[in-house]
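>>> no sequence for this one, just the structure:
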């Protein structure tokens, strides 16, 4: 099992102690560090800033939102980061949800699977630099044509040569079809709110995608499944769960609309639909504290490692036996040290 450290996205500002935790992760032998973006900080700038203080850890966007940038702009950022870091970049991409895509970026959300296919194809063409990049569309046509275009656009090739033959591109996915798509077109899958309880379904979805995998892509044996995993060592399990209940309540109740919340759907599939109804109802009614209190401890225990070190050690085995290949640990420096010790 490989280890990475997930810094996440910013809240009101830069997360306190982030650089110190990143340096500690590198010292402990963690293989990667990951940043994220929602509708505040971006994923690339902090990764470049903090990554400039590191020597060996790989630098991953977990995730960069596809609607935030055109495919070419995303590939440019990845190429730039890869050169500046000496070949340590990992490009993690995801579609996000309709509230962010349409409300924040002003981009259309429909047909996310088709858009993802097009996006990945263009990103890979830019990164490969085998010639001028063209794409038929309909979502990302290159060059642009039609009544809104001048007709002066022409196929272009990146002026920057890739530092290495292949920069890994991962796909964040939660729904079954999107998980299968990750196995079909990506170098790795970035699950969210994953539980070993869902391992059989995840394995089947990945197999469906591998059956369609382009033989020109790296073999499935090198496919990564890197999951963000909150780790909260604490003598009191309930107190440990309390630190994560607000996050679960936010994603179940407040991320997305009542009728379209892909994070909630993941928890539904774990068998918590009734709990999700209650959490979502309370959250959308503005009763946030009650929504947080309604998050069951057993749910937190399924998607995170919490409690005394010996309990975490026992529960870690289920993660090691799952499709997961890399744990992207979320937590304080003591969490990083504990996981490094348990897996050492």
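Yep, that arrived. All of these numbers come straight from a predicted model, not from anything done at the bench.
>>> and the longest helix that the chain contains, how far out from the chain middle?
In the chain, assigned by DSSP state H, the helix with the most residues is helix 112-128. Relative to its parent chain, helix 112-128 has a centroid offset of 17 Å by C-alpha atoms, centre = their mean, to the nearest Å.
>>> go on, stretch 337-344?
23 Å.
>>> doesn't residue 42 belong to a helix?
No: counting by DSSP: H, G, I helix; E, B strand; the rest coil, residue 42 falls outside a helix, being coil.
>>> that one reaches residue 68, doesn't it?
Yes: assessed by C-beta atoms under 8 Å, residue 42 is found in contact with residue 68 at 7.3 Å. Heads up, the C-betas are built off the backbone N, CA and C, glycines and all.
>>> so residue 204, which state does it fall into?
Applying three-state DSSP: residue 204 is helix.
>>> distance-wise, check residue 155 relative to residue 75.
Distance, residue 155 to residue 75, by C-beta to C-beta, to the nearest Å: 15 Å.
>>> and the two? Which one has more around it.
residue 75 (27 against 11; other C-beta atoms under 10 Å).
>>> please enumerate the helices of the stretch 1-150 of the chain.
18-27, 44-51, 71-84, 98-103, 112-128 (DSSP state H, counting those that start in this stretch).
>>> shaky segments in the stretch 151-300 of the chain?
256-257 (pLDDT under 70).
>>> mind listing the strands in it by residue range?
169-172, 188-190, 224-233 (DSSP state E, counting those that start in this stretch).
>>> return the most buried member of those strands.
strand 188-190 (a mean of 27; mean count of other C-beta atoms under 10 Å).
>>> who touches that one?
62-63, 90, 92, 94, 168, 170-173, 179, 182-183, 206, 223-228 (C-beta atoms under 8 Å, 6 or more residues apart in numbering).
>>> need the contact list for the residue nearest to residue 86 when sequence neighbours are not counted.
Spatial nearest neighbour of residue 86, excluding adjacent residues (C-beta to C-beta, 6 or more residues apart in numbering): residue 163 at 7.8 Å. Each residue near residue 163 by C-beta under 8 Å, 6+ apart is listed here: 79, 82-83, 86-87.
>>> same thing with residue 60?
4, 32-35, 47, 89-92, 170, 226.
>>> what about residue 267, distance to residue 273?
Residue 267 is 8 Å from residue 273, by C-beta to C-beta.
>>> can you pull the contacts of residue 34?
Taking C-beta under 8 Å, 6+ apart, one finds 4-7, 47, 60-62, 92, 226, 228, 328 in contact with residue 34.
>>> ok, back up a step: which of the strands of the stretch 151-300 of the chain sits closest to residue 56?
Of all these, strand 224-233 sits nearest to residue 56, with 17.2 Å by C-beta to C-beta.
>>> so what strands line up beside that closest one?
strand 188-190 (parallel), strand 305-307 (parallel), strand 326-330 (parallel) (DSSP bridges).
>>> which parts of the next helix or strand after the longest one are buried?
To tie it back to what came earlier, the one meant is strand 326-330. Next helix or strand after strand 326-330 toward the C-terminus (DSSP states H and E): helix 333-343. Using 16 or more other C-beta atoms under 10 Å as the test for burial, helix 333-343 gives 333, 335-336, 338-340.
>>> nearest to residue 143 among the contacts of residue 34?
For those, the nearest to residue 143 is residue 61 (26.9 Å; C-beta to C-beta).
>>> tell me the pLDDT of the closest one.
Listed pLDDT for residue 61 reads 98.
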